[in-house]
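In: Sequence and computational prediction follow.
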Amino acid sequence: MIVKTFLVKKICGKLPFMTLPLAEQLRPKDFSEVVGQSSLIELLSKIIERGKPLSILLWGPPGCGKTTIARLYAKAFDRPFVPFTGVMNGVADIKKAIQDAKSRPLFAGQPILFVDEIHRLNKAQQDIFLPCIEDGSIILIGATTENPSFTINNALLSRLRVLTLEHLSEEALQQIITRFETSSKKVTLTPDAKKALISLSQGDGRHLLNTLETLPEKEIDRDTLYALAQKKPAAYDRHDDGHFNLISALHKAVRGSDPDAALYYFARMLEGGEDPHYLARRMMRMAVEDIGLADPEALKVTLTAWETYERLGSPEGELALAQALLYLALAPKSNAAYVALKRAQKLAAETSHLDPPKTILNAPTKLMKQKGYGEDYQYDHDLPHAFSGQNYFPKGMERPSFYKPVTRGFEREMEKRLQFFASLRKKLS
């Protein structure tokens with residue numbers, strides 16, 4: 001595989017410049033040409049000034065410049081650059097390159113191994129880098145689009161400097177278009193076409209260049225661009241980091257009573273292909289965790305919306321979920337029930353050895369009656385206000401207070417009831 005890779009690179013090197021993909025033709029030749037990552041370039045420049053390369057991990061979305069920065073980093077230190085990809089290359093290829101580096105430690109300095117999509121290697125496979133980073137036989141540059149906290153093993157992560165790249169801004173994408181227009185005089189875009197292209201690219205420089213590469217050699221207006229260009233797929237994966245980030249944003253927008261932000265993230269998840277059933281389940285959680293008894297109808301509204309979706313399906317049924325989402329966002333909020341349960345669970349775990357008072361236990365047998373089960377029990381329905389005020393907690397336990405209603409929505413009524421029963425209990429004690 002190493003030989004094949006070398007031959008491909010050698011053949012590509014002989015190809016005329018204009019036969020290379022546009023993204024390769026316009027790839028920056030030094031850090032001054034890199035757009036949209038000024039803070040990162042400043043940090044890398046300081047590392048380069050010290051003259052000692054560090055092993056780094058470049059984490060960022062597709063098309064933000066990870067590969068370009070890796071190449072320029074290796075070039076700055078004048079080290080051999082050995083590229084791999086977690087998709088195409090296996091562990092055997094990487095081991096061979098590491099062995100070659102160890103067998104020729106003084107030849108051209110430490111090689112820099114670049115592993116694109118490093119998260120594609122499982123965590124056991126990632127261990128192959130540990131000893132050679134430790135003994136200094138190689139410098140590793142990893143690149144990933146996935147959150148390294150979840151995809152890179154801790155031992156390797158602790159040996160890498162994690163550098164975060166951002167989506168390219170509109171200004172950065174405009175700079176790429178300008179560079180393209182400078183290199184290609186036969187294709188021009190109207191101002192509206194440029195704005196449309198930047199919008200379609202969604203911060204992905206590679207997608208922008210791939211679109212430019214398909215344009216005919218003439219002036220391109222906005223309508224022509226839309227007819228020729230493909231929309232960039234939504235940056236979303238139902239099983240990875242983007243999924244968890246967006247559902248977190250959706251949940252917090254509802255909790256923060258912002259219906260517009262809630263609808264925005266709801267729409268983004270649907271656009272990315274999220275299962276509406278998952279969204280409905282999460283909305284049920286919002287209803288019980290963040291609204292609770294401040295608006296008991298919230299749970300009913302959400303359940304009804306879910307049932308409506310199941311009967312209508314997409315896309316009509318999604319409107320029912322959207323309506324429920326708006327209801328949740330604008331409902332009065334309370335996590336009092338959620339907090340009360342947590343308090344009760346904590347105390348229950350600490351006092352699980354205590355029995356309930358015998359007064360409130362059933363006595364189905366003669367022996368149990370002799371032992372005092374059910375003795376002096378008061379039937380609440382037979383008493384004024386249907387309230388006896390008797391103790392229901394284990395003997396000797398100080399009476400706890402778990403549920404503390406907020407003064408919002410229906411829980412204002414719950415607070416009144418609590419105070420009423422507390423005053424009755426005090427009179428009866």
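Out: Everything's here; your move.
In: OK, contacts around Ala23?
Out: 205-206, 209-210, 213 (CB atoms under 8 Å, 6 or more residues apart in numbering). All C-beta atoms are positioned from the backbone trio N, CA, C, and that covers glycine.
In: Kindly report the same for Thr224.
Out: Ala193.
In: Secondary structure element for it, which one?
Out: helix 222-228 (DSSP states H and E).
In: Restrict that helix to CA atoms and write it as CSV.
Out: Provided in CSV are the C-alpha atoms of helix 222-228 (Å, rounded to 0.1, in the frame of the first residue of the first chain):
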residue,chain,number,x,y,z
ARG,A,222,-28.0,34.0,-9.3
ASP,A,223,-30.6,31.9,-11.2
THR,A,224,-28.0,30.1,-13.2
LEU,A,225,-26.0,29.3,-10.1
TYR,A,226,-29.1,27.8,-8.4
ALA,A,227,-29.8,25.8,-11.5
LEU,A,228,-26.3,24.3,-11.6
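In: Now do the residue nearest to Gly374 when sequence neighbours are not counted, the pLDDT please.
Out: Spatial nearest neighbour of Gly374, excluding adjacent residues (CB to CB, 6 or more residues apart in numbering): Ala363 at 4.1 Å. Each residue has a pLDDT score; the one for Ala363 is 89.
In: And for Ala363, the neighbour number?
Out: 16 (other CB atoms under 10 Å).
In: quick one: it and Asp376 touch, right?
Out: No: counting by CB atoms under 8 Å, Asp376 is not a contact partner of Ala363; they are 11.7 Å apart.
In: per-domain residue ranges of the chain.
Out: 2-164, 170-228, 241-330, 355-428 (automatic domain parsing).
In: Strands of the protein, residue ranges please.
Out: Ranges of strands in the chain, per DSSP state E, are 56-59, 81-85, 112-116, 139-144, 161-164, 188-189, 219-220.
In: Where does pLDDT dip in the protein?
Out: Applying pLDDT under 70 to the chain flags residues 1-18, 104-109, 185, 231-241.
In: From the rest of the structure, what touches the lengthiest helix in it?
Out: Longest helix of the chain, by residue count under DSSP state H: helix 411-428. Helix 411-428 has contacts (CB under 8 Å, 6+ apart) with 292-294, 332, 334, 336, 385, 387-389, 403, 405, 407.
In: Need the max-distance pair from those residues.
Out: Across these, no pair lies farther apart than Pro332 and Ser388, at 32.4 Å, counting by CB to CB.
In: The longest helix of the chain: which residues count as buried?
Out: Neighbour-count burial for helix 411-428 flags 411, 414, 424 (criterion: 16 or more other CB atoms under 10 Å).
In: Same question for stretch 118-135.
Out: Result for stretch 118-135 [16+ other CB under 10 Å]: buried residues 118-121, 125-126, 129, 132-133.
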